[in-house]
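S.K.: generate coordinates for the sequence data below:
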Amino acid sequence: MRPAMLAKKNSYKLVDAILNGRPGTAMPSFSEKLNKADVQKNILILLM
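M.R.: Numbers count the residues shown, from 1 in each chain. Sure, this is the predicted structure:
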């Protein structure tokens, strides 16, 4: 996702999409590889 589009997204929804994936899309779930705190930290970095 491009920075301009990422900035428009709700961070809670981004965490959910990363942890649980997006049904019907190519976005897989990462809940077995990342925990919620790690995802939140990465989103904060991307939004800087």
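S.K.: I'd like to know which elements the worst-scoring helix or strand of the chain on mean pLDDT is packed against.
M.R.: The least trusted helix or strand in the chain, going by mean pLDDT, DSSP states H and E, turns out to be helix 3-7, with a mean of 83. The contact analysis (3 or more CB pairs under 8 Å, 6 or more residues apart in numbering; DSSP states H and E) places helix 3-7 against helix 36-47. Using the backbone N, CA and C atoms, a C-beta is placed for each residue, glycine as well.
S.K.: pull out the buried positions in the helix it packs on.
M.R.: Buried residues in helix 36-47, counting neighbours by 16 or more other CB atoms under 10 Å, are found at 39-40, 43.
S.K.: and stretch 22-37, by the same measure?
M.R.: For stretch 22-37, using 16+ other CB under 10 Å, the buried residues are Leu34.
S.K.: pull the CA atoms of that stretch into CSV?
M.R.: What follows is stretch 22-37 as a C-alpha-only set of coordinates in CSV (Å, rounded to 0.1, in the frame of the first residue of the first chain):
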residue,chain,number,x,y,z
ARG,A,22,-8.5,-10.3,4.1
PRO,A,23,-11.0,-12.9,2.8
GLY,A,24,-11.4,-13.0,-0.9
THR,A,25,-8.0,-11.3,-1.5
ALA,A,26,-4.4,-12.3,-1.7
MET,A,27,-3.8,-10.9,1.8
PRO,A,28,-3.0,-13.8,4.2
SER,A,29,-3.2,-13.9,7.9
PHE,A,30,0.0,-13.3,9.8
SER,A,31,-1.3,-14.1,13.3
GLU,A,32,0.9,-17.2,13.5
LYS,A,33,4.0,-15.2,12.7
LEU,A,34,3.4,-11.8,14.4
ASN,A,35,1.8,-10.7,17.6
LYS,A,36,-0.5,-7.7,17.9
ALA,A,37,2.2,-5.5,19.6
